[in-house]
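In: 3D model of this:
(chains A and B)
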Amino acid sequence: MEVALEADGLVKRFGSFKALDGASISLHWGEVKVLAGPNGSGKTTLLKCLNLLLRPDAGSVYLEGLEVTAPGVDAKLVRQRVALVFQEGYLFSHMTAFENVLFGPLKVRRLPRREAEKLAAGALEAVGLGRSFWGLYPAQLSGGQRQRVAIARALAMEPVVILYDEPTSNLDPIGAEEVAATIVELARSGVTSLVVTHDAALIADLGAEVCLMSRGRIALRGRLEELPGMAAALNDGELSSFARALVGRLAKARGVPLAAD
Amino acid sequence: MRCAPVQDLLPYIALILAGLRYNLLIAASAFLAGLTAAVAALVLSLFSPPAAKLATAVFRAIKGVPPLVLLAATYWLLFPALGLPSDALLACIVAFAIRSSAFQAQILRAAAAAVERGQLEAALSLGLGEREAALYVVLPQSLRAALPALFNELSSLLKESTLGLAVGVLDALARARYVSIATGYSLVWMVAAGLLVYAVSWAVLRFSRILHKRLAVPGTLGAGVAGLWR
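Out: Residues are numbered from 1 along each chain as shown, chains lettered A, B, ... in the order given. Have a look, this model is predicted:
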């Protein structure tokens, strides 16, 4: 499998705070990975650096084998290929759902209108939003529908990879479930995805490898149920309790008795 | 005292009405020029803190100057200094455009502050350039929100334009003064000219309300709150 996106030793400082401290991660074509970790461990910063929305202070990002953190590379072109779905979706509130999705292909990629419209329609159908929703404005949609439009907006860019930043954490259970189902379905259809989430059900449904972040780097990676043991072995108290809580939540949600710690 | 027959008054009324075109011209031109400057300032300041600082300082200085002083300085200082012909109407338009740009910039900035930062980030994350993101995402939402305040500004400009008299623009109010001197009915003509300007200003604000409603984004409060109590 070819590597689609790779980060090597990323460092990002905000003043004296080191948000990223040697974070490395790689995604093969069609691969799905989950990124979890305590608040402030650098997950969002890592996503923004992968998309070059933030420029890392040190380290490299490779997109399809090409170093895009090298001087002279146009960050705008990288952002077109590495899509980012935000926690709040952030749809353009003065545009309809369809216009929101059409915006990227038409205004950013500057495709001919007919081609752009076809892409937008396909993306909206891929996230399960039928024509009756296309003319509605963000304020007229439910949280789950809004987030799915945001995913469609990312899809319409035909990106190499989609980065999701806690896509279900602001939604009610129904919305979270419909968005999670969409993400899982897209992942199964081969969309390379990196999903930042604490939604244990979503992690289990994705069945993907989980990378646990701590203090600006990937501390360990493995399957969800292995994480507490691995964290304990690291002798990292904060990470151990985080991993136990994450797995415990899933066990509770699925009605499975908690495994003995 | 006998009242003059109506047909004798008609030429006076026509004279005042004809002067109204100067008020309209000054207000409309100054408004559009001011809006252009304000939009440019907003787009520049969104991504450049130094430009934002400079714009704030310049606009604050302009807002502090009384309109009559600004008009006099434009006509008697700025125009000669730049070697421009001493055209009272043009000086009026320029002075009020400068003044209005400061107020409109403040209106737009306040409206832009209500646009979520995340929307701008979302636009950038798609690979859009900064200026385009400002134009496509921030500006349309800011202008919509600012519409009533901008039209208020237009209506103030209409009233401020009567200051043109000071540099010799023969607008509706200036003509009303001359007519009142000629006829001796001083108050009547001033009130008539005032009503005329008021009528235009009312029409402007009425139009603004219709436009604001029509442009409101469905599902937002701008589109009306009546549904909340249904």
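
In: could you measure B:G118 against A:F133, distance?
Out: Distance, B:G118 to A:F133, by C-beta to C-beta, to the nearest Å: 22 Å. C-betas here are computed from N, CA, C, even on glycine.

In: who's more crowded, those two?
Out: Counted by other C-beta atoms under 10 Å in any protein chain shown, B:G118 and A:F133 do not tie: A:F133 has more neighbours, with 18 against 15.

In: contacting residues for the more buried one?
Out: A:97, A:124, A:141, A:145, A:149 (C-beta atoms under 8 Å, 6 or more residues apart in numbering or on different chains).

In: what's the farthest-apart pair in those?
Out: Greatest spatial distance among these (C-beta to C-beta): A:L124 and A:L141, at 11.9 Å.

In: for A:I162, which three-state class applies?
Out: Of the three states, A:I162 takes strand under DSSP: H, G, I helix; E, B strand; the rest coil.

In: measure it to A:V196 for me?
Out: Counting by C-beta to C-beta, the gap from A:I162 to A:V196 is 12 Å.

In: neighbours around B:L124, how many?
Out: B:L124: 22 neighbours (other C-beta under 10 Å).

In: gap between it and B:A73?
Out: From B:L124 over to B:A73 (counting by C-beta to C-beta), the distance is 42 Å.

In: same check, this time on B:R177
Out: Distance of B:R177 to B:A73, given as C-beta to C-beta: 24 Å.

In: for the residue nearest to B:L215 when sequence neighbours are not counted, grab the count of nearby residues.
Out: Nearest residue to B:L215 in three dimensions, chain neighbours excluded: B:R144, at 5.5 Å (C-beta to C-beta, 6 or more residues apart in numbering or on different chains). The tally of other residues near B:R144 (other C-beta under 10 Å) stands at 18.

In: point to the residue nearest the middle of the chain.
Out: I went with chain A, as the question did not name one. The centroid of chain A falls nearest to A:Y164 when counting by C-alpha atoms, centre = their mean (1.8 Å).

In: not quite, go with chain B.
Out: Nearest to the geometric centre of chain B sits B:L154, at 3.1 Å (C-alpha atoms, centre = their mean).

In: show me the contacts for the residue in chain B that chain A sits nearest to.
Out: Across chain B, no residue is closer to chain A than B:G219, which sits at 2.9 Å (C-beta to the nearest C-beta). Contacts for B:G219 (C-beta under 8 Å, 6+ apart) come out as A:136-140.

In: could you redo the last one with a cut-off of 10 Å?
Out: Contact analysis of B:G219 by C-beta atoms under 10 Å, 6 or more residues apart in numbering or on different chains lists A:93, A:136-141.

In: so which of the residues you listed comes closest to B:G34?
Out: The nearest member of the contacts of B:G219 to B:G34, counting by C-beta to C-beta, is A:S93 at 26.7 Å.

In: hang on, the closest one in a helix?
Out: No - counting by three-state DSSP, A:S93 is not part of a helix but coil.

In: quick one: it and B:V138 touch, right?
Out: No - using C-beta atoms under 10 Å, A:S93 is not in contact with B:V138; the gap is 11.4 Å.

In: who's more crowded, the two?
Out: When A:S93 and B:V138 are compared for neighbours, B:V138 comes out ahead with 23 against 20, by other C-beta under 10 Å.

In: so what's the gap between the lengthiest helix in chain B and the chain middle?
Out: Criterion DSSP state H: the longest helix present in chain B is helix B:6-47. In terms of C-alpha atoms, centre = their mean, to the nearest Å, the centre of helix B:6-47 is found 7 Å from the chain centre.
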